[in-house]
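Could you work out the structure for the sequence below:
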Amino acid sequence: MAVQHWADALRKAKKTALISDGKRKAHYLFEDGNEMAEEYDLKTDELVLRKWRHKTTFGGQGQWTWEVGETNPNDITSDVIKENCSNPLFMRKDTKASFQWRIRNISYPVEVYSVSAEPTERCCVIRTSNKKYYKKFSIPDLDRCQLPLESAALSFTHANNTLIISYKKPKEILTLEQELLVELKKLKGTSEGDIDCKTQ
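Numbering: from 1, shown residues only. Next comes the predicted model:
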């Protein structure tokens with residue numbers, strides 16, 4: 001089963017743990033050379049950030065890409081061209097029970113939005129009836145575990161110029177996340193100022 005395959009890949013990966021700024025930070029180095037970094041809130045154990053770095057075609061290190069959390073809000077890569085701060089901002093911020101996406105700076109009334117799951121394309125689609133916003137996005141966690149995309153698990157709400165889309169996590173994902181968190185807590189996490197970058 002694909003869920004077991006992903007669980008095995010996580011177990012086999014070389015892991016480093018660190019506790020800093022009220023977060024449990026974990027770095028995974030997979031057998032194929034790809035890297036994953038995660039941050040969990042120490043109080044709630046909620047995933048705050050997940051980012052990936054894949055090997056380039058020539059074997060070098062690629063750029064980090066964000067899967068969960070704010071996409072590097074403080075890191076401005078260019079002085080010349082900067083995205084307008086009033087544009088819709090799409091980000092993922094999960095809860096314990098749901099995968100969740102937030103689109104900030106989107107002020108249309110709730111009846112304008114339609115959110116649907118497209119199982120054949122393995123993605124979710126956000127549309128507005130006024131044709132002002134359209135977005136397709138996948139759920140990498142479901143893809144990694146090869147779990148089906150269920151329309152019934154999808155819901156959305158709108159408040160404070162933010163559209164919030166939730167997808168209820170399948171029980172297989174909840175079980176895997178619990179097992180992973182137990183494993184992470186077993187790792188000897190160093191504290192800030194006592195950093196040992198050796199990978200276990």
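
Across the sheet, point out what pairs with the most centrally placed residue in the chain.
Among the residues of the chain, the one closest to the centroid is Val68, at 2.5 Å (CA atoms, centre = their mean). Val68 forms beta bridges with Arg50, as assigned by DSSP bridges.

how about Arg24, what does it touch?
Ala17, Leu18, Glu39, Tyr40, Asp41, Leu42, Leu184, Lys185, Gly189 (CB atoms under 8 Å, 6 or more residues apart in numbering). Placement of C-beta: from N, CA and C, glycine included.

That one and Glu38, how far apart?
For Arg24, the distance to Glu38 equals 8 Å [CB to CB, to the nearest Å].

likewise Leu10?
10 Å.

More neighbours: which of the two?
Glu38 (21 against 18; other CB atoms under 10 Å).

By mean pLDDT, which helix or strand of the protein comes out lowest?
The weakest-scoring helix or strand in the chain, judged by mean pLDDT, DSSP states H and E, is strand 190-191 (a mean of 61).

rewinding a little: shared neighbours, Leu10 and Glu38?
Counting by CB under 8 Å, 6+ apart, the residues touching both Leu10 and Glu38 are Tyr28.

hang on, the earlier thing: can I get the contacts of Arg24 in TSV including secondary structure?
As requested, the contacts of Arg24 are arranged in TSV below (DSSP: H, G, I helix; E, B strand; the rest coil):
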residue	secondary structure
Ala17	strand
Leu18	strand
Glu39	strand
Tyr40	strand
Asp41	strand
Leu42	coil
Leu184	helix
Lys185	helix
Gly189	coil
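
who's the closest residue to Lys188 other than its chain neighbours bridged to?
Take Lys188 and drop its neighbours on the chain: the residue closest to it by CB to CB, 6 or more residues apart in numbering is Ala17, 6.9 Å away. Counting by DSSP bridges, Ala17 is bridged to Ala26.

One more: Thr128?
What pairs with Thr128, by the bridge criterion (DSSP bridges), is Tyr113.

I'd guessed it sits against Tyr134; true?
Yes: counting by CB atoms under 8 Å, Tyr134 is a contact partner of Thr128 at 7.3 Å.

So between these two, which is more surrounded?
Thr128 (15 against 9).

Tell me where the chain has strands.
With strands called from DSSP state E, the chain shows them at 14-20, 23-29, 35-41, 47-53, 65-68, 89-92, 98-104, 113-118, 123-128, 134-137, 154-159, 162-168, 190-191.

related to what we said a few turns ago, determine the residues that are contacts of both of Thr128 and Tyr134.
Common neighbours of Thr128 and Tyr134 (CB under 8 Å, 6+ apart) do not exist.

So for the residue nearest to Ile103 when sequence neighbours are not counted, what's the pLDDT?
Distances taken as CB to CB, 6+ apart place Leu163 nearest to Ile103, at 4.4 Å, with adjacent residues excluded. pLDDT recorded at Leu163 is 95.

what does Gln100 give?
So, for Gln100, pLDDT stands at 96.
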